[in-house]
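Student: Sharing a model that was predicted from the sequence below.
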Amino acid sequence: MLPAGKVLAFAAQGERRCLGVRRGARRIVCPYGAVLDGASAKDQCARCAQLDRSRSVAADTMADDPRPYGVYLAYFGPGMLKVGITAVERGPARLVEQGAVAYAWLGRGPLMAARRAEALLGSALGVPDRFGKAAKRAARGALPPVPERAAELAQLHGAARRLPGWPETLQPLEFACADHTELFGLDRIPGVVAELGGMTSGEEIVGEVLTGVGPDVYLRLVGDGDGDEEEGGGEVAGAAGAGGGAVSGVVGGVAGRGGAASGTGGASTAGGVVAVMDARVLSGWVLGAAAGRVTTVPVRAVGSGTREREGEEKGRQEGLF
């Protein structure tokens with residue numbers, strides 16, 4: 001993990017390649033050598049993704065998983081609560097990966113009992129099992145105080161526990177709210193945040209890590225006219241050999257796989273634009289040190305960013321496990 005304040009300076013090299021298929025602790029190289037879209041959060045080609053999902057709890061193709069599962073309620077913003085399940089052995093890791101602002105456990109038991117509870121909340125209470133990336137980012141800009149988040153979770157938790165048809169083999173759990181405000185460093189993100197587009201070969205990102213929320217990394221960018229330091233850059237994230245390794249967590253809560261290598265030097269980011277990037281778009285690239293001093297990846301203005309407020313105001317999720 002890279003701490004807040006770390007300066008990154010890296011460039012995409014060559015082509016972005018499919019990462020293949022994971023089987024347990026082993027990764028099988030993509031036999032097709034498929035080239036991926038630089039703007040997509042997906043790190044697999046369609047055929048490798050299909051093979052991965054042939055033995056997947058998330059795709060309902062692994063109903064015989066003997067591990068116990070937890071059912072959780074996740075809070076992403078006012079009126080944005082979802083239900084999900086995750087293997088008990090993973091603890092809250094799945095909630096961190098999704099960028100849940102707060103959460104509470106609802107029950108624990110066998111996989112199919114957890115699935116039935118998830119479906120029950122969806123049909124009886126209309127609780128969704130996913131939210132899209134854009135909705136999550138937008139909600140972070142209007143977060144109420146922590147007690148209000150906990151109260152909304154508690155209300156849904158109570159309603160869920162009162163539902164008839166609760167699976168007999170699912171152990172109900174008492175309400176306890178866990179909040180990720182400190183973990184994600186929401187107070188370090190300004191009110192106006194731009195968005196980084198996908199990378200193409202030769203494009204560079206130079207900026208200072210502010211924080212991470214799930215797969216999203218918030219950076220204070222260096223653009224034309226920012227800083228007069230030497231060329232070259234700070235940290236090179238996830239530099240890999242041919243075929244491209246996946247990028248690991250850049251800062252607390254940023255999900256991914258693989259490792260990171262260090263560079264030297266640094267560039268000033270004082271006064272730069274703050275932009276959010278989905279770190280998953282880096283997976284599959286070979287990343288090297290930036291040759292220049294500015295960010296050349298396209299930056300889009302997207303309106304309000306992520307700042308927790310003490311006051312009023314109030315898709316598609318990429319994976320469930």
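Tutor: Cool, the structure landed.
Student: from here on, contacts and neighbour counts on C-alpha atoms
Tutor: Fine.
Student: show me where this structure has helices.
Tutor: 46-52, 93-98, 111-125, 133-139, 146-161, 181-184 (DSSP state H).
Student: ranges for the strands of the chain?
Tutor: When assigned using DSSP state E, the strands of the chain occupy the ranges 7-13, 21-23, 26-28, 69-77, 80-87, 102-109, 171-172, 178-179, 192-196, 204-213, 216-221, 274-278, 286-289, 299-304.
Student: Where does the record place the domain boundaries for the chain?
Tutor: The record's domain split for the chain, according to automatic domain parsing, is 7-43+187-304, 69-181.
Student: Distance to residue 50, mean neighbour count and mean pLDDT added to those domains, as JSON lines?
Tutor: Shown next, in JSON lines, are the domains of the chain (distance: least, C-alpha to C-alpha, whole Å; neighbours: other C-alpha atoms under 10 Å; pLDDT from 0 to 100):
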{"stretch": "domain 7-43+187-304", "distance to residue 50": "10", "mean neighbour count": "21", "mean pLDDT": "75"}
{"stretch": "domain 69-181", "distance to residue 50": "20", "mean neighbour count": "19", "mean pLDDT": "96"}
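Student: what would those domains look like in TSV with distance to residue 51?
Tutor: Putting the domains of the chain into TSV (distance: least, C-alpha to C-alpha, whole Å) gives the following:
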stretch	distance to residue 51
domain 7-43+187-304	7
domain 69-181	21
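Student: residues near residue 67, how many?
Tutor: Using other C-alpha atoms under 10 Å, residue 67 has 12 other residues around it.
Student: Report the contact partners of it.
Tutor: By C-alpha atoms under 8 Å, 6 or more residues apart in numbering, the contact list for residue 67 reads 87-88, 110-111.
Student: Please repeat the previous calculation with a cut-off of 7 Å.
Tutor: Residues in contact with residue 67 (C-alpha atoms under 7 Å, 6 or more residues apart in numbering) are 87, 110.
Student: Could you measure from it over to residue 89?
Tutor: From residue 67 across to residue 89, the span is 8 Å (C-alpha to C-alpha, to the nearest Å).
Student: hang on, the earlier thing: could you export the strands of the chain to CSV, including columns for distance to residue 126?
Tutor: Converted to CSV, the strands of the chain look like this (distance: least, C-alpha to C-alpha, whole Å):
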stretch, distance to residue 126
strand 7-13, 42
strand 21-23, 34
strand 26-28, 38
strand 69-77, 13
strand 80-87, 9
strand 102-109, 16
strand 171-172, 20
strand 178-179, 23
strand 192-196, 31
strand 204-213, 26
strand 216-221, 27
strand 274-278, 29
strand 286-289, 43
strand 299-304, 28
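Student: Of all those strands, which one comes closest to residue 140?
Tutor: strand 69-77 (6.4 Å; C-alpha to C-alpha).
Student: Each with direction, which strands does that closest one pair with?
Tutor: Strand 69-77 has the following sheet partners, assigned by DSSP bridges: strand 80-87 (antiparallel), strand 102-109 (antiparallel).
Student: Of these, which is nearest residue 200?
Tutor: strand 80-87 (33.8 Å).
Student: Using CSV, write down the CA coordinates of the closest one.
Tutor: C-alpha atoms of strand 80-87 as CSV (Å, rounded to 0.1, in the frame of the first residue of the first chain):
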residue,chain,number,x,y,z
MET,A,80,-28.3,3.8,-0.9
LEU,A,81,-28.3,0.5,1.1
LYS,A,82,-27.6,-2.9,-0.4
VAL,A,83,-27.6,-6.5,0.8
GLY,A,84,-24.8,-8.9,-0.1
ILE,A,85,-23.0,-12.0,1.1
THR,A,86,-19.4,-12.8,1.6
ALA,A,87,-17.4,-15.8,2.9
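Student: and residue 42, how far is that from residue 289?
Tutor: Per C-alpha to C-alpha, residue 42 is found 24 Å from residue 289.
Student: With adjacent residues omitted, what lies nearest to residue 97?
Tutor: Among residues not flanking residue 97 along the chain, residue 214 sits closest, at 4.5 Å (C-alpha to C-alpha, 6 or more residues apart in numbering).
Student: Oops, could you answer that again for residue 52 instead?
Tutor: Spatial nearest neighbour of residue 52, chain neighbours left out: residue 21 (6.0 Å); criterion: C-alpha to C-alpha, 6+ apart.
Student: Would you mind measuring from that neighbour to residue 30?
Tutor: Residue 21 is 7 Å from residue 30, by C-alpha to C-alpha.
Student: again with residue 155
Tutor: Counting by C-alpha to C-alpha, the gap from residue 155 to residue 30 is 46 Å.
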